[in-house]
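Engineer: curious how this folds, go ahead:
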Amino acid sequence: MRDLIRRNKAPPGAIVPRDIERDGLFKLDVDDDIWQDVGLDDDYDGNVPPQWLSDEQVRQGIQALLENDRCKEEEMR
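Structural biologist: Numbers count the residues shown, from 1 in each chain. Below you'll find the predicted structure:
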C-alpha cells in the first residue's frame, strides 16, 4: 500500500496500515495493530481518522468501558 500511495495509484484517502509485529501475534489484545481497519468503512472520507483511532482519551475510555463490562460479568458469576 505504501508503494501504491507513493506512486499515486492508491484509491483516494488510502492509508498505510501499521506494521504488524510477528512476535506475540497469537497473544492478541484489543489494542493490537491487527484490529486497525481504517479505510474499510464506506463512511471514512480520508480527511480525519476516526476518534477511536486518533484520540488517546477515546481509546482509554473504550478500554475502561470494556474492563468495567468484564468486571460486571465476573460479579454476576
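Engineer: which of the residues in stretch 5-21 are buried?
Structural biologist: The neighbour-count check on stretch 5-21 (16 or more other Cβ atoms under 10 Å) flags Ala10 as buried. Just so you know, the C-beta spots here come from the backbone N, C-alpha and C atoms, and that holds for glycine as well.
Engineer: pLDDT on that stretch, on average?
Structural biologist: Averaging pLDDT along stretch 5-21 gives 81.
Engineer: gap between the two ends of that stretch?
Structural biologist: Using Cα to Cα, to the nearest Å, one end of stretch 5-21 lies 22 Å from the other.
Engineer: likewise stretch 16-27?
Structural biologist: End-to-end distance of stretch 16-27 (Cα to Cα): 23 Å.
Engineer: could you tell me the average pLDDT over the lengthiest helix in the chain, please?
Structural biologist: Counting by DSSP state H, the longest helix found in the chain is helix 56-76. Model confidence over helix 56-76, given as mean pLDDT, is 94.
Engineer: relative to Arg2, how far out is Asp31?
Structural biologist: To Arg2, Asp31 is 23 Å away according to Cβ to Cβ, to the nearest Å.
Engineer: I meant Asp29, not that one.
Structural biologist: Counting by Cβ to Cβ, the gap from Asp29 to Arg2 is 25 Å.
Engineer: which residues does the residue nearest to Arg2 when sequence neighbours are not counted contact?
Structural biologist: Excluding the flanking residues, the one nearest Arg2 by Cβ to Cβ, 6 or more residues apart in numbering is Val16, at 4.7 Å. Counting by Cβ atoms under 8 Å, 6 or more residues apart in numbering, Val16 makes contact with Met1, Arg2, Ile5.
Engineer: thanks again, I'm all set now.
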